[in-house]
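Participant: No letters, just coordinates:
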């Protein structure tokens, strides 16, 4: 059951537009998540891109509520474990597959930002250092949303959380840079609002010989404070205002995957979210200047000189 068919291999090469996306659903209904949750969509897109020969590793977080025995909502194997252990599980699964002689199987870590940027960073870094072959997707809602929307090191500057009521006073951790600095073959950002871009990046990651990392922005209606019908719109604004640029680092080479000619005003993004309602006009202007400065450097290919907003 774990061998790729010719049709699957062709399909993995060909997702370039919406007409190329497979119809088969490997995520089914019944999961217990918030209305408008983008992490659900991100997993559906990931499994459409990678196919059924995939084992999913999930550290504790929002998606822990999604697959809870006996209510299995995926048609692929799902391993849930403690919040800090995804990288360790990669090593065990890879060793088991090798022992069994199984090939052509994707190991997908689908893990929240708290379990990526913070509590799980040690095991993720170790797995990358050892060179295990896996795809790590951080479904990033920029806080510890599952436990009450506390600040994480993925939380942007100026953001309200329950532990930063006046707004976070420092920048978020540059996670993609940290992973790229491990010398891994592929690292990228993505957003659920740009599904084809995300799926193409997943397929690049699947073909890489070694660890890969995708930081997937998942706008959270509950934690960010916007209407549940506006998830995709909010994600698009994150990208088009420059708050979340889309790019990839392929074997050390940086490139923008959505090179916008002009950014929308950051105010359009901030004003629709309750987590920024405390913000004064001068703070919003400070963020606008940060984003514009970062975007100028990105357009010039000076990725390593940027500071993450």
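Facilitator: Sure thing, it's come through. Predicted model, so just to flag it, every value in this text is computed and none were measured.
Participant: residues in contact with the longest helix belonging to the chain?
Facilitator: Using DSSP state H, we find that the single longest helix of the chain is helix 281-299. Outside helix 281-299, the residues that touch it by C-beta atoms under 8 Å, 6 or more residues apart in numbering are 157-158, 167, 241-243, 245, 247, 256, 259-260, 263, 265-267, 270, 276, 303, 305-309. To be clear about C-beta, it is placed using only N, CA and C from the backbone, and glycine gets the same treatment.
Participant: List the ones among the residues you listed that fall in strands.
Facilitator: Applying DSSP state E to the contacts of helix 281-299, the entries found in strands are 247, 256.
Participant: What mean pLDDT does the longest helix of the chain get?
Facilitator: Per-residue pLDDT over helix 281-299 has a mean of 96.
Participant: Kindly report the same for stretch 117-127.
Facilitator: Stretch 117-127 comes out at a mean pLDDT of 97.
Participant: Give me the distance from that stretch to the chain's centre.
Facilitator: 15 Å (C-alpha atoms, centre = their mean, to the nearest Å).
Participant: next one: stretch 26-34
Facilitator: The answer for stretch 26-34 is 18 Å, by C-alpha atoms, centre = their mean.
Participant: And the contacts of it?
Facilitator: 39-40, 43-44, 47-48, 51-52, 54, 62-63, 65-68, 71, 73-76, 220-222, 228.
Participant: Go through stretch 239-254 and flag the buried ones.
Facilitator: Judged by neighbour count using 16 or more other C-beta atoms under 10 Å, the buried positions of stretch 239-254 are 239-250, 254.
Participant: Compute the first-to-last residue distance for stretch 174-188.
Facilitator: End-to-end distance of stretch 174-188 (C-alpha to C-alpha, to the nearest Å): 12 Å.
Participant: can you check stretch 129-147 too?
Facilitator: One end of stretch 129-147 to the other measures 30 Å (C-alpha to C-alpha).
Participant: quick one: low-confidence parts of the stretch 51-200 of the chain?
Facilitator: Applying pLDDT under 70 to the stretch 51-200 of the chain flags residues 69.
Participant: go with 90
Facilitator: Counting by pLDDT under 90, the stretch 51-200 of the chain shows low-confidence ranges at 62-73, 146.
Participant: circling back to that earlier point, now, which of the contacts of helix 281-299 lie within helices?
Facilitator: Counting by DSSP H, the part of the contacts of helix 281-299 found in helices is 267, 270.
Participant: element containing the most centrally placed residue in the chain, please.
Facilitator: Per C-alpha atoms, centre = their mean, the C-alpha nearest to the average position across the chain is that of residue 216, at 2.0 Å. Under DSSP states H and E, the secondary-structure element containing residue 216 is strand 211-217.
Participant: helices or strands up against that strand?
Facilitator: helix 121-130, strand 134-140, helix 175-180, strand 186-191, helix 195-207, helix 231-240 (3 or more C-beta pairs under 8 Å, 6 or more residues apart in numbering; DSSP states H and E).
Participant: okay, the angle between the fourth one and strand 211-217?
Facilitator: Yep, that's strand 186-191 we're talking about. 20 degrees (axes from the mean of the first three to the mean of the last three C-alpha atoms, to 10 degrees).
Participant: just the longest one next, same as before
Facilitator: With the same axes, to 10 degrees as the basis, helix 195-207 and strand 211-217 are set at 160 degrees to each other.
Participant: Pull out the buried positions in helix 195-207.
Facilitator: 195, 197-206.
Participant: Return the member of the residues you listed nearest to residue 113.
Facilitator: Residue 113 has its nearest neighbour among the buried residues of helix 195-207 in residue 198, at 16.1 Å by C-beta to C-beta.
Participant: Now do the closest one against residue 77, distance only.
Facilitator: 22 Å (C-beta to C-beta, to the nearest Å).
Participant: need the contact list for the residue nearest to residue 270 when sequence neighbours are not counted.
Facilitator: Excluding its sequence neighbours, the residue lying closest to residue 270 (C-beta to C-beta, 6 or more residues apart in numbering) is residue 276, at 4.2 Å. With contacts defined as C-beta under 8 Å, 6+ apart, residue 276 is in contact with 158-160, 270, 284.
Participant: Next, give me the two most distant ones among these.
Facilitator: Across those (C-beta to C-beta), the longest gap, 13.5 Å, separates 160 and 284.
Participant: Those two: which has the busier surroundings?
Facilitator: Shown here are residue 160 and residue 284; by other C-beta atoms under 10 Å, residue 160 has more neighbours (24 against 18).
Participant: contacting residues for the closest residue in space to the more buried one that isn't next to it in sequence?
Facilitator: Spatial nearest neighbour of residue 160, excluding adjacent residues (C-beta to C-beta, 6+ apart): residue 275 at 4.5 Å. By C-beta under 8 Å, 6+ apart, the residues touching residue 275 are 159-161, 223-225.
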